[in-house]
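Asker: Test case, fold it:
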Amino acid sequence: MQTALADFIRDTPTGREADAILRSCVHCGFCLPACPTYQLLGDELDSPRGRIYLMKQLLEGEPVTVSTQLHLDRCLTCRACESACPSGVQYGRLLDIGRGLTEQRVRRAPAAWIRRYLLRKLVPHPRRVKALLNLAGAVRPLLPRALQARVPSPASARPAPRRARGAAPRARHVVLLEGCVQPVLAADINPAAQRLLASLGIAAVRARAACCGALAHHLAAHSEAIVQVRRNVDLLWPHVDEGAEAVVATASACAAMVSDYGRLLQHDPAYATRAARIAALARDISQVLHAEGPALRAALAADAGGARRSVRVAFQAPCTLQHALRVKGVIEPLLLAAGFTLTEVSDGHRCCGSAGTYSLLQPQLAGQLLRAKIAALEAGAPEVIATANIGCQLHIASATAVPVRHWVELLASSLRDA
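Answerer: Numbering: from 1, shown residues only. Take a look at the predicted model:
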């Protein structure tokens, strides 16, 4: 694609990056059938190809309208288009640039601005989330039934075992990110990951709760996100400097964000080197356990009980796992080794509609995607639905009676001392 970027961005690092991405797109259309919103709406401007055209206009200095903002807002950032693209177009990165510029040029309605502001100021902070959930729980019986399903009960906090300050690290150890919402809403996930890692002789040092910055970043509050990213680099670097093998997240969305720290801070001389190192060590828990595959599968096979072999599990692969991190076919063999039976799930590449804050900001589209995902997951009559991201877990659980759990919880439950 030929471009003629406007003077305001042409000779900037962002402009050069955007120009390279635009030029890599050949408008072949392979992205169209992969795009959830195009499949729902049938509008070219709600497809990756159409949104790229809108962003090209923006970057070339054309007027930006509320309509442009709407079409960019409707994107889930699922990045399924990237998996389908034969040209390797970095659509997700271009979308971040386009959204940021649009946010500067198009004023949102007060109600929409406040909603997005509150999400940024509440969700990344565990104490605020817990207080809000306690309040919501108190009035839950008074809420409409549809809203009641979206108000989970806050999980009881558990003390996080940590290595004492100044103590010598074990021979093998990783840093396990606590996350922000997850410890409040699903406190059993990180301890389950710790148990699995411990069974392999790997100690997990749990870093105190801190938002990875993804929420603010994808809401186009890029300066706010960079502050969070720098804070996390400062938090994580001492662990990396002490020899941590990996920076591990049990939420695939967080792993995807941390793996991007190097690029986000590449022009910051005070942080670039450390951020690049942390990004290189970023892993979803599935990647770490897969690397230990033979030993873990042997342990799981030895411990899998006969009764557990009848438990039917439908696995939902989050978009951040399969499209952002490009991790596919890794978790299912581990569940099988533990004795679980996997049901067939059609259209496994499709987004469930959670997409961070998308289900809150675009409830109608998210609801349509959720209903389709639930139908696919429930088709095989599973007893449990497993996923790899807290956002997907909560979103799916709001619309099904089938228990929804993180897959590491299922795996940890199969260990002999469970």
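Asker: who touches residue 369 in this structure?
Answerer: When contacts are counted by CB atoms under 8 Å, 6 or more residues apart in numbering, residue 369 touches 36, 40, 76, 350-353. To be clear about C-beta, it is placed using only N, CA and C from the backbone, and glycine gets the same treatment.
Asker: So which of the residues you listed are in helices?
Answerer: If you go by DSSP state H, the contacts of residue 369 have 36, 40 in helices.
Asker: And the furthest pair within the contacts of residue 369?
Answerer: By the measure CB to CB, 40 and 352 form the most distant pair in these, at 13.4 Å.
Asker: more crowded one of those two?
Answerer: Under the criterion of other CB atoms under 10 Å, the comparison of residue 40 against residue 352 puts residue 352 first, with 29 against 16.
Asker: picking that back up, format the contacts of residue 369 as CSV; extra columns: pLDDT and distance to residue 253.
Answerer: Formatted as CSV, the contacts of residue 369 follow (pLDDT from 0 to 100; distance: CB to CB, whole Å):
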residue, pLDDT, distance to residue 253
36, 96, 17
40, 96, 22
76, 96, 12
350, 91, 17
351, 96, 12
352, 96, 12
353, 96, 14
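Asker: Of the contacts of residue 369, just say which sits nearest to residue 406.
Answerer: Out of the contacts of residue 369, the member with the shortest distance to residue 406 (by CB to CB) is residue 352, at 14.4 Å.
Asker: quick one: the closest one and residue 124, what's the gap?
Answerer: Per CB to CB, to the nearest Å, residue 352 is found 22 Å from residue 124.
Asker: Equivalent analysis for residue 46, please.
Answerer: 28 Å.
Asker: Could you list the buried residues of stretch 29-44?
Answerer: Neighbour counts using 16 or more other CB atoms under 10 Å place 30-32, 34-41 of stretch 29-44 among the buried residues.
Asker: which ones are touching the closest residue in space to residue 188 that isn't next to it in sequence?
Answerer: Leaving aside its sequence neighbours, residue 188 sits nearest to residue 409 (CB to CB, 6 or more residues apart in numbering; 5.8 Å). For residue 409, the contacting residues are 188-189, 192, by CB under 8 Å, 6+ apart.
Asker: Kindly report the same for residue 85.
Answerer: For residue 85, the contacting residues are 30-31, 48, 91, by CB under 8 Å, 6+ apart.
Asker: Just the ones of the residues you listed in helices?
Answerer: Secondary structure from DSSP H places 48, 91 of the contacts of residue 85 in helices.
Asker: How much space separates the residue minimising distance to the centre of the chain from residue 323?
Answerer: The centroid of the chain falls nearest to residue 253 when counting by CA atoms, centre = their mean (1.7 Å). Residue 253 sits 11 Å away from residue 323, taking CB to CB as the criterion.
Asker: how long is stretch 26-44 end to end?
Answerer: Stretch 26-44 stretches 15 Å from its first residue to its last (CA to CA, to the nearest Å).
Asker: Check what contacts that stretch and list those residues.
Answerer: Around stretch 26-44, the neighbours that count as contacts under CB under 8 Å, 6+ apart are 1, 46-50, 71, 74-76, 78, 80-81, 83-87, 89, 91, 349-351, 353, 365, 368-369.
Asker: Distance from that stretch to the middle of the chain?
Answerer: With CA atoms, centre = their mean, to the nearest Å as the basis, stretch 26-44 stands 22 Å off its chain's centre.
Asker: Residue 182: neighbour count?
Answerer: By other CB under 10 Å, 26 other residues sit near residue 182.
Asker: got a list of what the closest residue to it other than its chain neighbours touches?
Answerer: With CB to CB, 6+ apart as the measure, residue 390 is the residue that lies nearest to residue 182, at 4.4 Å, once sequence neighbours are left out. By CB under 8 Å, 6+ apart, the residues touching residue 390 are 179, 181-182, 185-186, 189, 251, 253, 406.
Asker: Let's see that with 6 Å instead.
Answerer: Neighbouring residues of residue 390 by CB atoms under 6 Å, 6 or more residues apart in numbering: 182, 186, 251.
Asker: did I read that right, residue 402 in a strand?
Answerer: No. Counting by DSSP: H, G, I helix; E, B strand; the rest coil, residue 402 is not part of a strand but coil.
Asker: Is it correct that it is in contact with residue 387?
Answerer: No. Counting by CB atoms under 6 Å, residue 402 does not reach residue 387; the two are 11.7 Å apart.
Asker: Residue 237: neighbour count?
Answerer: Neighbourhood size, residue 237 [other CB under 10 Å]: 17.
Asker: again, but for residue 2
Answerer: Under the neighbour criterion other CB under 10 Å, residue 2 is assigned a count of 6.
Asker: Could you find the closest non-adjacent residue to it?
Answerer: Distance criterion CB to CB, 6+ apart; nearest residue to residue 2, sequence neighbours excluded, is residue 23 at 7.5 Å.
Asker: same check, this time on residue 13
Answerer: residue 267 (5.9 Å).
Asker: again, but for residue 407
Answerer: Nearest non-adjacent residue to residue 407, counting by CB to CB, 6+ apart: residue 386, 4.2 Å away.
Asker: how about the one you found, secondary structure?
Answerer: For residue 386, the assignment made with three-state DSSP gives strand.
Asker: For it, which residues count as its bridge partners?
Answerer: Residues in a beta bridge with residue 386, per DSSP bridges, are residue 315, residue 405.
Asker: how close does it sit to residue 316?
Answerer: Residue 386 is 7 Å from residue 316, where distance means CB to CB.
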